[in-house]
Each structure stands twice: as structure tokens, then as C-alpha cells.
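Curious how this folds, go ahead:
(2 chains)
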Amino acid sequence: MINELIIRPFPRIGGDLEIKVSLDDSKVVDSYCSGTAFRGFENLLKGKSVMDCLGFVCRICGVCGVSHSIAASKAMKKIFGVKVPQNGYLCKNISLATEIVLNQLGHFYLLFAPDLTDKRYSCHPLYPEVAKRFSALSGTSYKHFIHARRKLLVIMGLFAGKWPNTLAVHPGGVTKTLNKSELIRCLGSLVEFRNFLEQNLLGCDIDDWLEKKNLKDIESLCSQNNYHSDLGIFAKFGKEIGLPLLGKSTGKFLCYSGYENAQGKSLYKSGFYNSAIYPLEVEKITEEQSFSFFEGEKAHPFEGFTEPFVEKKKAYSWVKSPRYSGEVVEVGPLSRMVINEDSLISDLFEKMGSNVYSRVLARLHEAIFLTSKIGEWLKRVNPNKPFYNKVGNIKRSKGEGLIEAARGALGHWIKVEKGYVKNYQIITPSSWNFSPRDSLGVPGILEQTLIGTTLKEPTEPLEIFHIVRSYDPCFFCSVHVSKVRKRK
Amino acid sequence: MVYLLWLQAGCCGAETTSLLNCEQPDFLAFLEEFDINLIWHPFLSPHNQGKILDILKDLSRQKRKLDILVVEGAIYDGPEGTGKYDLFCGMPFKEWIVNLAKLTRYLVAVGTCACFGGIGASGKNLMEATGLQFFREKKGGFLGEDYRSKENLPVINIAGCPAHPDWITESLVSLAKDEMRSCDLDDFQRPRIFYEKLAHHACPRNEYYEFKASAQCYSQQGCLFENLGCKGTQCESDCNERLWLTRTGSCTRGGFPCISCTSPRFPDGFLPFFETLKIGNIPTTLPLDVPKAWYVGISGLAKLACPKRLLVNATSFKPVKLVFPKVAKNDK
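Residues are numbered from 1 along each chain as shown, chains lettered A, B, ... in the order given. Predicted structure coming up:
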């Protein structure tokens, strides 16, 4: 018997999402993921002066605004042909990494982990400990995180002035300079944050953790400290409740480059993974909109447009369907760790594939990795060298800014005419992971992942909550014009 | 126990992030200390499926108490007045608000979008977005100018893009204690205590402002008002006194211009963001209560009187010549 199950609103994620699945008994046989949303940002940016766009794009998302600023500034850097001084790169990287660590850990503690306290798992011997730590609003680890994140806010305040919605990130660098004293305060605050990571999340020294090369190392570490850490508990409990078997995806990954330096090198290299790693070819990115409430079918983002068309017959989502060389690909921390051959996460992926468990572990691992990078970068900021170069006249008529945001590959494509924006297109990580079907009728990553899942209790589809949240959806980016059905 | 419901309309989630950025008290301590029961919050509630629908049903049957309703984000009226651009639990979001606004003791709009339309209503306003009781500067908005909540207060507007965490929590505390009166609100229904000042107050660049020692480009130490688009002298907020992010920053401390995000005219009324429009040499964005002729006179004199220390530093990214000139021997 086929039943339909609709989850709306989907709580504890960023923004509005609607999931519709068809069930044959308890097995998901079909699924539709509606990013129920159109805030019209791209349309709003048309006709604006290039620089003014900076004031709008950071306001696309109240969770990952720095990422949008960085992507926009990278595109504008090409348009203005401006050089960024070394401090400019470092400061941009520090602000972005700080935002991403806040995002990755916020996702685990506030959004994902509370599901582990579901009554369904109450027979597991570790359940009392899990419930004590991870309960929403009241868990001990939840509270510790709320306190600890303020240590990162100190760094954000000194680098970005205000957050969310900082305007410190410009094409030619950053507007905020830092003196010696401020840098020392940041380092001090980072030490306090590292203490939280070491004492609560890891149960070991960060450097020890970053030396771990494979899955076995994690297991031995976790058993050594008797699972007295959030990550240790998750690693054991998550495995035993079957998260590695849940939400398996095809394992085709995409990653842009991230965290550039003045020498033109990047911490993250770009690439495409399909059984092996290939170099990224940007021109292979297309956006299809066969099932989206927009006019037209398919275009490269420079040519794409975003005219809403609410009466489009087969449309069911405000998210478009980005494809790489026609392929449906996954983006996020797991993708970039695999493409960048991080030894620990590559081993995890090799042994387990892409699933709820590996996606969550990759996210936590990235938070630890970036925290240590912030420390390195802080020490390299030189208060006596410039932070910023002034932009001059427009030199090129288009530019793209492709970066890695918390949730994966983020791209801004800007076309300019007579000094003003002619076209502005954005592809967010959540449109890669939560896209509707494409012109060939192939479902997006999440839709594919859900199909085949067996629900233990179809009235309490906890499996769906685990799977959807493991991708960390954020729909503020394209949000909130919900499901416009045909007008009567 | 004070029952608080937080809903998100057309928004980016920044007000929720701001709430999480609270300190003294942090937001968990805020709930505990002031006995606030968060009935539901889209980002923070433990519940998964269905819960909010039950809550909304119970509320409309008055089986549950609703003391404070907080709305984050603009109300979308589109397309063509149907509100279908923003469906919530199967109904246009705006219809839920019509019902809940009648039932709540206090109604709070958090963020400039919820207050005045803000970013949501900028440009051509495709979404037909509006604030709860204002559309930009015009009173009325979604609920109409006569709206009063059960305690006979209009919508309380905690403006800002985003609002400062303190503005949110302290306003909610005074509502939880039933201490807010309509005389505590300004013409745009913002609590005076936060919005009677200017972002300009306590700006560390004030000495540069006094002597019109202006930065020529960003990252320099001088005042951002004359050339670089700063609207701090027009923006009603206490940002630079209160400071953001564990009291470490503000817009102008971050080296970028205030763009007056607490104003009902935000954002379109403050474009261009990064340069100062001028007629002749006079910025068009003079502080409202400074007569133009006086401004011209004073700034001319100030420039003549400007100490070299400021003149040099205004266009440098790091302090130079910080030492005050030593008193000459024959002056002793």
C-alpha cells in the first residue's frame, strides 16, 4: 500500500523545507524535496552598483553571511582587477573559518544531536549519557557549547566588527585593521575555545586528534577516554544505532577551492570526485530549472536568470537543479575532505561510504581542523602591513567567486554593464544537495538518498530527520516563498 | 511563567543568530532567569513533527496562554495579496499572524524586516512584503495602525539588521515583567532606551569627526562620514556605546560605514552604502538636527584647526605620530 508522508515545516534547520515521501509499507519509494522559497535576491541585485551588492549579499543568510561576502568579494576582485594584500587574505580566511566553526558545531549541538535523544533509543546502554549531554536547550553539552561559542564571537568582533551582516569583507581586502593587542586578545580567546574542544568535544589534545590517520585511531582514542567526550559518545552510539547504514548517497562529490593566500595557493583545492579525483572544470556547471518555479530550462550561471513563474505546471520547488557535467553531485564537509585527501576522512569514506555517520563526523573533524588553522593564521597577521587595497574602475565585465562555505560549494556569478550589475546568479550549497529533479527527471541528492530508506515507525520518521539534517540544509538562501500552487 | 512563541516569516535567520549571540545573560540564562517558557522556536525547539500545528490549534482555541509573540522577518502579501509566497503549516503565514495577533498579550517585531519591511521590501518589492505595523515609514503595515495587543500596546519594534542581542532580550524582559508602557516607545514604536541615541555616539572615530579629518579609503583610521558613506550620525541606535559580539565591535569599529539599519528607510534610503553623496562639498546626509550653514562654518574651521596628528592618522591604516608634541622649553 502506498502512503504519502509530508513533513512541513521541517523544524530545526535553517529556513523552510518541505519533504514529501511515498511509502510502500515502511519503505520510501519516492521522494520530493521542495525548497519552498524565493526571496528574489538575485532580482534585487540587478541594476545596483557593484559595491552596493556587498550590503545585500551578506543579508541573504543570517547564518553564513560571511561566506556570501567572501564569494561576492572574490567575484568583484576579478571585476575590479584589484590585488589583495597578504593581511587581507589572512583576515578574510580567519573570519570565514570562524563563521564555519560556529556553523559546524552549531549544527551538531543545536540541530543534529538532539535527535539522538529520541525515546526510540532509550534501551541503548549509553542513552542516559546521550540524553544528559545532547537534549535541546537543557543538555550539558548543549549548554557548554552555548557558552564556548562566545569565545569565537570575540574573534568575530575584532575581525568583522559586527556579525551577522558584517561589511568588513571587500574585494581589495578587509576594512578592519588589527593591532598587536587585538591579535593577542584573539589568540587568548582561541585558547579558551580550544580548551572547550579538547575537554568537551574530543577528550584529547587537538594536535593529537589531527594526527589521527584512520578510523581505527578514532576508535582506539574513544575507548581510551572511555567515551567521555561528545565525539566519543557520538562515534560509538551513532554507530550502534545504525547511522552508518542510513542515508547512503552515490558518493559523487564537488568541491571549489577555499582559503586562498597571497601566493595564489589555497588550503582546499577544487575538484570533482567520481571514484577518482578529477580537476574541476567550471564551465561544466549548469543550472536546470525544469522542476523549479522559474522560466526557462537550463543555463550556465553567467547566463542564467531568475524570473519567477509560479504557474509552471511540473514545478515543485524554488530551488534550481545545479548539475556538474549533467551529474547529480553532493557537496559539504565530507566532499571537500575526500577531494582534499584528508587521511582520516578518506579512510572513513573508503570504509563506510557517504552516509549520515560519515557526514556528521566529517563536519566535526572540519571544525577541529579549522580551529587549529585559525591559530596559525592569527600568528601570521602583521599589524604593520596593509590590510586593504582600494578598488579603482571596473576592468572586466564579469567575474565569478567560487568558495567553500560551511555547507559546501557556494558560487556567485556577476555580470556588469556600464558600471551596474546586469545579472547576478548564486548557487548555494543547499541547491546542490536539495535540488529537485533535472530535465532528465533525475532526482537531486537528498531525494535519491531518501529513496530506499526503511522507516521503523512511519508516523515518527526519525530516519528522515537524521538523513535530512546530516546534509545541514539551509534554506534562508533562497527561502520562504512557500509552495506557490496554481493561482485560481 | 511567561509563554513566548517565536515565528519566522520572510527572513534570513539573523535575528535568531543574534539571540544566540546574547551574553549577560546568554540566551539559556535569559530563559531561566526570567522564567520564560519558549513554547516553540523553528530553529531551537526539541520537537520534530507536528508539534507546532498542535500548538497553533491549542492557541487558537485558547487552550494555551500566549504572553509574547515574536515575529522575525517580513510578512509577504504576494502574489497579488494572497500571501501564498509564504505558507506555514499549510496556510499563508499572514493568516496565522492575523489570528495570533488577537490572542497575544504582546506582539514583538524583531529585525528591520519584521518592523518596517526592510531588505524584504526593498527595490520593487516583488514579495509585496511589509512590516507588522509599518511599511517603511508609513504607519499601518500588515496589521493596520489601530492594532493593539491584549495589553493595549502596539507592535513593539526591535529594529536592526540584525537587532542587537541586548535590544531583543532586554525588551522581552521588560515585557515579561509587564513594565513596558506606550510612552517608552518612540514614533516608530521602538523602545526609546535603545533608539534614542545615535550610532555616532561613542564612535572611536569621533575625534576625527570633530576636526573633519576624514579617511580617503577603507581600512584607514579617519572618519568615514565625509567620503565613505557612514550614516552613523543619522542612525538611531546605541551600537557604539553598547558594542557587539562580547563587547568587542561595531560597524565603524570594524572599519566599515554604519548604513543605518535600524531606520524604517533601510536599506533603500541609505544607498549608496560605501560613498557619501554630496552637493558641492557638503554631504547630503548631514545629521538631522545640525543646521547646514552651521555645519559648513564649523567644518571649515575644524579643518583649519585640525592637529597634524589627526591629519596624518586619518589616512593611515596604522597609528603614526601618536606622540603628542612635547611642550617647548621656553613655554615652561
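
alpha carbons only for contacts and neighbour counts from here, please
OK.

mind listing what the lowest-mean-pLDDT helix or strand in chain B pairs with, with the direction of each?
Least confident helix or strand, chain B: strand B:87-88 with a mean of 82, by mean pLDDT, DSSP states H and E. Applying DSSP bridges to the sheet, strand B:87-88 is found paired with strand B:91-92 (antiparallel).

next structured bit after the strand it pairs with?
Counting by DSSP states H and E, the next helix or strand C-terminal to strand B:91-92 is helix B:93-103.

Output the contacting helices and strands for that following helix.
Counting contacts by 3 or more C-alpha pairs under 8 Å, 6 or more residues apart in numbering or on different chains; DSSP states H and E, helix B:93-103 is packed against helix B:51-60, strand B:75-76.

most tightly surrounded among the ones you listed?
Counting by mean count of other C-alpha atoms under 10 Å in any protein chain shown, strand B:75-76 has the highest mean neighbour count of these, with a mean of 32.

Pull the residues that contact that one.
Under the contact criterion C-alpha atoms under 8 Å, 6 or more residues apart in numbering or on different chains, strand B:75-76 has outside partners B:9-10, B:83-86, B:93-94, B:114, B:117, B:127-132, B:142.

Residues of the stretch 51-200 of chain A that sit close to chain B?
Residues of the stretch 51-200 of chain A lying close to chain B (C-alpha under 8 Å from any C-alpha of the partner chain) are A:51-52, A:55-56, A:59-63, A:110-111, A:114-115, A:135-137, A:143, A:146-147, A:150, A:153-154, A:156-168, A:174-177, A:179.

Could you list which of those belong to strands?
Among those, the members falling in strands (DSSP state E) are residue A:174.

so who does the residue nearest the centre of chain A touch?
By C-alpha atoms, centre = their mean, chain A has its centre lying nearest to residue A:407, at 0.9 Å. Residue A:407 makes contacts with A:331, A:332, A:333, A:429, A:430, A:471, A:472, A:473, as judged by C-alpha under 8 Å, 6+ apart.

Now do stretch A:129-142: distance to the chain's middle.
Here stretch A:129-142 is found 24 Å from its chain centre; the criterion is C-alpha atoms, centre = their mean, to the nearest Å.

oh, I was asking about stretch A:387-404
The answer for stretch A:387-404 is 23 Å, by C-alpha atoms, centre = their mean.

still on that earlier bit, mind putting the helices and strands packed on helix B:93-103 in CSV, mean pLDDT included?
As requested, these are arranged in CSV below (pLDDT from 0 to 100):
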stretch, mean pLDDT
helix B:51-60, 90
strand B:75-76, 94
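
where does the chain have low pLDDT?
Chain wasn't specified; assuming chain A. Where chain A drops to pLDDT under 70, the residues are A:1, A:36-38, A:225-227, A:477-488.

you looked at the wrong chain, it should be chain B
In the predicted model of chain B, residues B:49-50, B:322-332 satisfy pLDDT under 70.

biggest helix in it, by residue count?
helix B:292-305 (DSSP state H).

From the contacts of residue A:407, which land in helices?
Counting by DSSP H, those place A:333, A:429, A:430 in helices.

Go through those residues and say which is closest to residue B:158.
Set against residue B:158, the nearest of those by C-alpha to C-alpha is residue A:430 (30.1 Å).

how close does the closest one sit to residue A:331?
8 Å (C-alpha to C-alpha, to the nearest Å).

Could you tell me which residues touch both of those two?
Residues touching both residue A:430 and residue A:331 (C-alpha under 8 Å, 6+ apart): A:407, A:408.
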